[in-house]
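**Student:** I need the structure of the sequence given here:
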Amino acid sequence: MVTIYSDGASRGNPGPGGYGAILIFGTLRKELSEGFRLTTNNRMELLGVIAALEALKKEDTVVTVYSDSKYVVDSVEKKWVFGWEKKNFKEKKNSDLWMRFLNVYRKHKVKFVWVKGHHTNKENNRCDELAVAAAQGKGLKPDIGYETERKNEGATLL
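**Tutor:** Residues are numbered from 1 along each chain as shown. Down below sits the predicted model:
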């Protein structure tokens, strides 16, 4: 069984953002983080989970994901995302990430647990540190899905 902790952050919403994730398997531990020049908090919350699941090497892994994002946890645990998928994510934000999520989610046995953010959960707090540091990094790469969506909506980009 693998335990994943994940968090996302953005400085402004939209603004520079990042995610942090920790994978724990027995005594093994791996930290992941990445930053983007223009994105949203919800995208980073979801991308942290995706990146962690994509880092798993074996299919059918039993995984518990701890996240402080009601957006992510409720979308899966309350099965909203499966309804959105049936409607081809029509008029849904972050559809690129939700499709990517479903692809990797279906390769494993995943359960989500919501945790209170910025509280007493040591691992969640570490993920927050990773996400914030990633968002503040130099040479941030574009969040292509978000920037394309904004461009299609007629928004001015950087």
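**Student:** just give me the neighbour total for Lys109.
**Tutor:** Residues near Lys109, counting by other CB atoms under 10 Å, number 13. Backbone N, C-alpha and C define where each C-beta goes, glycine included.
**Student:** so it makes contact with Leu56?
**Tutor:** No: Lys109 lies out of contact with Leu56 (CB atoms under 8 Å); the separation is 11.1 Å.
**Student:** all strands for this structure, in order.
**Tutor:** With DSSP state E, the ranges of strands along the chain come out as 2-10, 15-25, 28-39, 62-67, 109-114.
**Student:** count of neighbours near the residue lying closest to His118 once chain neighbours are set aside?
**Tutor:** Among residues not flanking His118 along the chain, Asp128 sits closest, at 6.6 Å (CB to CB, 6 or more residues apart in numbering). As a burial measure, Asp128 scores 19 neighbours (other CB under 10 Å).
**Student:** and Asp128, how far from Asp60?
**Tutor:** Asp128 sits 30 Å away from Asp60, going by CB to CB, to the nearest Å.
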